[in-house]
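Chemist: test case, fold it:
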Amino acid sequence: MNDFAREVLQGAYDLHIHFGPDVRPRKCDEREMARRFLDVGMKGFALKSHFTPTVERALLVNREYPGLQAVGGVVLNSSVGGLNPFAAEAAGRLGGRFVWFPTMDAAHDMPRLRQYIPAFVEMEVKLEQRGAQKTAISLLDEAGNLRPEVFYILEIIRDYDMVMATGHVSPREGLLLVRAGRDMGLKRMVITHADWKATNYTLEQQREAIGCGALIEHCFMTPCLPYGEIAEQMRQLGPEHFYLSSDLGAPTVPGGKDSGFLMQGPAPYADEGMARFVEILRDCGFSLQELRRMTVDNPAFLAAA
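Modeler: The predicted structure follows:
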């Protein structure tokens, strides 16, 4: 990590990291990552799993590593019952910070994953082939409106002041979520990696989400656009509306133009990815202060209890 990246990342967060043990192979566990973050002066991270809640793991990290702030939450995939208010309620009662709407099981993303990255949905396909209920989850009813259980979940997020994150649902679903969240008084909302292949929000869609009070997340590992184009979008809308994360944790990144990843091959650690991300954006013209807004201030607002 060079001196510029180290200065930017003092007190920074990465609110999108995948850890082992997990259903899929992972590069490291949360304890190793905690030590790496403390070594470079970073403040904290969010533990994300597509399959299991992570709140308890975050609580244990914080006990073992004073001075670090780990946060957890729950992803509303089929393994926790899908759009399950009970899963959101349990996360809130334990002090969870994030409720992510469906990711790998989002009806919007599953067909693409089955075709181009089948390893990502191998478990879902296996169970479906054995006759289990199909796992694809839509937020919409037959009339195209948000399903009633979505509103119960949004109420829980509001009551516990958690972060509502859109996951891998379609931009149309994501915008319906942030509109509903705005109307219900949610204070912390996120458009999850707005540059992922399945969740590539246009500039105008991002502008609308920002108008509803959402922050836009950009991840180092998942852009389907060149970093320069992403930087230009951020410049047009204002860096104050964005935060940076890595979405790292996999040992390797699958390649292919339709995979949704700009990079491929062996993956770096999350702290290394964050350092590289801020260096790329510095070369795109962002100042140290702007980068710290996106790596320290905005993530701290989301992570705050």
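Chemist: all the helices of the stretch 101-250 of the chain, residue numbers only.
Modeler: 110-116, 122-129, 148-159, 171-184, 203-211, 227-237 (DSSP state H, counting those that start in this stretch).
Chemist: list the helices and strands the third one packs on?
Modeler: With contacts taken as 3 or more C-beta pairs under 8 Å, 6 or more residues apart in numbering; DSSP states H and E, helix 148-159 sits against helix 85-93, strand 98-100, strand 163-165, helix 171-184. Backbone N, C-alpha and C define where each C-beta goes, glycine included.
Chemist: which residues sit against that helix?
Modeler: Residues from elsewhere that reach helix 148-159 (C-beta atoms under 8 Å, 6 or more residues apart in numbering): 76, 83-85, 88-89, 92, 99, 139, 162-164, 177, 180-181, 184-187.
Chemist: can you flag the buried ones in the residues you listed?
Modeler: For these, a burial check counting by 16 or more other C-beta atoms under 10 Å picks out 76, 83-85, 88-89, 92, 99, 139, 162-164, 177, 180-181, 186.
Chemist: turn the helices and strands packed on helix 148-159 into CSV, columns for distance to residue 233 and mean pLDDT.
Modeler: Conversion of these to CSV gives the following (distance: least, C-beta to C-beta, whole Å; pLDDT from 0 to 100):
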stretch, distance to residue 233, mean pLDDT
helix 85-93, 31, 98
strand 98-100, 22, 98
strand 163-165, 19, 98
helix 171-184, 14, 98
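Chemist: mind putting the ones you listed in CSV, distance to residue 239 included?
Modeler: Shown next, in CSV, are the helices and strands packed on helix 148-159 (distance: least, C-beta to C-beta, whole Å):
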stretch, distance to residue 239
helix 85-93, 30
strand 98-100, 22
strand 163-165, 19
helix 171-184, 19
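Chemist: nearest to residue 41 among the helices of the stretch 101-250 of the chain would be which one?
Modeler: helix 227-237 (24.2 Å; C-beta to C-beta).
Chemist: average pLDDT across that closest one?
Modeler: The predicted model gives helix 227-237 an average pLDDT of 95.
Chemist: please identify the buried residues of it?
Modeler: So for helix 227-237, counting by 16+ other C-beta under 10 Å, buried means 227, 230, 231, 233, 234, 237.
Chemist: still on that earlier bit, nearest to residue 34, of the helices of the stretch 101-250 of the chain?
Modeler: helix 148-159 (26.3 Å).
Chemist: pLDDT of the closest one, averaged?
Modeler: pLDDT averaged over helix 148-159 gives 98.
Chemist: now that helix: how far from the chain's centre is it?
Modeler: 19 Å (C-alpha atoms, centre = their mean, to the nearest Å).
Chemist: now it against helix 85-93, angle please.
Modeler: 10 degrees (axes from the mean of the first three to the mean of the last three C-alpha atoms, to 10 degrees).
Chemist: what's the angle from helix 148-159 to helix 171-184?
Modeler: Going by the same axes, to 10 degrees, helix 148-159 makes 50 degrees with helix 171-184.
Chemist: can you show me the CA trace of helix 148-159 as CSV?
Modeler: C-alpha atoms of helix 148-159 as CSV (Å, rounded to 0.1, in the frame of the first residue of the first chain):
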residue,chain,number,x,y,z
PRO,A,148,-46.7,-6.8,1.3
GLU,A,149,-43.9,-8.6,3.1
VAL,A,150,-41.4,-6.0,1.7
PHE,A,151,-43.2,-3.3,3.7
TYR,A,152,-43.0,-5.3,6.9
ILE,A,153,-39.3,-5.7,6.3
LEU,A,154,-38.9,-2.0,5.6
GLU,A,155,-40.7,-1.2,8.9
ILE,A,156,-38.3,-3.4,10.8
ILE,A,157,-35.3,-1.7,9.1
ARG,A,158,-36.7,1.7,10.1
ASP,A,159,-37.5,0.7,13.7
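Chemist: residues near residue 38, how many?
Modeler: Residue 38 has 15 neighbours, counted by other C-beta atoms under 10 Å.
Chemist: correction: residue 130
Modeler: That count, for residue 130 with other C-beta under 10 Å as the rule, works out to 7.
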